[in-house]
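Engineer: What follows is a predicted protein model with its sequence.
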Amino acid sequence: MIIVKGLKKKYGNNQILSGVDFAAYAGDFIVLLGTSGSGKSTVFRCMTLRESWDEGELIYNGANVDKSSWKEKLKLRKEWAYLEEKPNLNKNRTALKNVISGRFLMTSIWKLLGVEEKFDALDMLDKVGLQNKAHLVLDKLSGGEKQRVAIAKALVQGAKVLVMDEPITGLEPESATRVLDDLKNLCETQNITVICTLNQINLAEKYANRILGLSDGKIVVNVSGRRLTQREKDLIN
Ligand SMILES: Nc1ncnc2c1ncn2[C@@H]1O[C@H](COP(=O)(O)OP(=O)(O)OP(=O)(O)O)[C@@H](O)[C@H]1O
């Protein structure tokens, strides 16, 4: 379980986050909505420890992250993958090699030479429906397929929480649906937590089990199990 409590962050004199509060549980699919510049990526960068914050607490499985040792923080960075809009992949390598390279830093050399990683990576590619494209060079994959390779790579690295900025931006509707279906499936079958931004409220309503709305540096909408009311939509637009 993740608790974000009173998160505050300034850039210069600009108070971007002025007390962000929310909780996420294993298996949640959370969509964070908010206008451009409202601070969604800032929340993501802080909660994945890519950036520091001024005030507030981040609690993961009962422990205050700020007070954790560097070893704990390193573990958390591994468990909370931050996937930015453009997947960070090598376009000249195959899908499989891209996924395996995610494992490189966390495994010993002798194990690398074995087939275990390869099988794990193939299993993961299968979970995102790409086993038949494992040996294709990334350049030959569509945008949605690349996004799914990035998801498989994060999971092979040990991610339990996928924090994603606009995972479907620039994708054809069919590819976008496939990415969101896969993410939903990972939440439901593997207990992975997904926290992402989406531009379309209707997709957030279709896929998320919780919708958060960020405005004026705070969470002003926190809804589960139903569509947003017009008033709630107005609050975040
Ligand atoms: N490193 C930085 N230094 C100064 N200001 C920054 C920095 N990063 C972000 N900002 C500012 O903080 C605000 C929030 O940015 P952020 O990227 O979190 O918004 P966002 O909601 O993710 O926007 P978008 O939907 O357009 O990606 C913006 O006004 C942005 O200009």
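Structural biologist: Yep, it's here. Numbering: from 1, shown residues only.
Engineer: Could you use CA atoms for every contact and neighbour count after this?
Structural biologist: Will do.
Engineer: gap between K184 and the ligand?
Structural biologist: 22 Å (CA to the nearest ligand atom, to the nearest Å).
Engineer: tell me the contacts of that residue?
Structural biologist: F29, Y207 (CA atoms under 8 Å, 6 or more residues apart in numbering).
Engineer: This structure: strands as residue ranges?
Structural biologist: 2-11, 14-24, 29-33, 55-60, 63-64, 80-83, 161-164, 193-197, 210-215, 218-223 (DSSP state E).
Engineer: Neighbours of the nearest residue to E57 once chain neighbours are set aside, how many?
Structural biologist: Spatial nearest neighbour of E57, chain neighbours left out: K5 (5.0 Å); criterion: CA to CA, 6 or more residues apart in numbering. A count of nearby residues for K5, using other CA atoms under 10 Å, gives 16.
Engineer: K5 touches L17, doesn't it?
Structural biologist: No - between K5 and L17 there is no contact under CA atoms under 8 Å: 11.5 Å.
Engineer: any idea of the mean pLDDT in the longest helix anywhere in the chain?
Structural biologist: As assigned by DSSP state H, the longest helix anywhere in the chain is helix 173-190. Helix 173-190 comes out with an average pLDDT of 94.
Engineer: Could I get the buried residue list for it?
Structural biologist: S175, A176, T177, R178, V179, L180, D182, L183, K184, N185, L186, C187 (16 or more other CA atoms under 10 Å).
Engineer: Please tabulate the strands of the chain in JSON lines, including the columns distance to R93 and mean pLDDT.
Structural biologist: Shown next, in JSON lines, are these (distance: least, CA to CA, whole Å; pLDDT from 0 to 100):
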{"stretch": "strand 2-11", "distance to R93": "35", "mean pLDDT": "97"}
{"stretch": "strand 14-24", "distance to R93": "35", "mean pLDDT": "97"}
{"stretch": "strand 29-33", "distance to R93": "30", "mean pLDDT": "98"}
{"stretch": "strand 55-60", "distance to R93": "35", "mean pLDDT": "95"}
{"stretch": "strand 63-64", "distance to R93": "39", "mean pLDDT": "92"}
{"stretch": "strand 80-83", "distance to R93": "19", "mean pLDDT": "94"}
{"stretch": "strand 161-164", "distance to R93": "23", "mean pLDDT": "97"}
{"stretch": "strand 193-197", "distance to R93": "27", "mean pLDDT": "97"}
{"stretch": "strand 210-215", "distance to R93": "36", "mean pLDDT": "98"}
{"stretch": "strand 218-223", "distance to R93": "41", "mean pLDDT": "98"}
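Engineer: Of those strands, which is nearest L49?
Structural biologist: strand 80-83 (9.0 Å; CA to CA).
Engineer: how about that closest one, does it reach the ligand?
Structural biologist: No - interface with the ligand: strand 80-83 contributes nothing (CA under 6 Å from any ligand atom), its closest point being 13.1 Å away.
Engineer: measure the most centrally placed residue in the chain to L214 for me?
Structural biologist: Compute the mean C-alpha point of the chain, and by CA atoms, centre = their mean the closest residue is V163, 1.9 Å away. Distance check for V163 against L214: by CA to CA, to the nearest Å, it reads 16 Å.
Engineer: Over to E116?
Structural biologist: Distance from E116 to L214, by CA to CA: 43 Å.
Engineer: If you count surrounding residues, which of the two has more?
Structural biologist: Each of E116 and L214 has its neighbours counted (other CA under 10 Å); L214 has more, 23 against 11.
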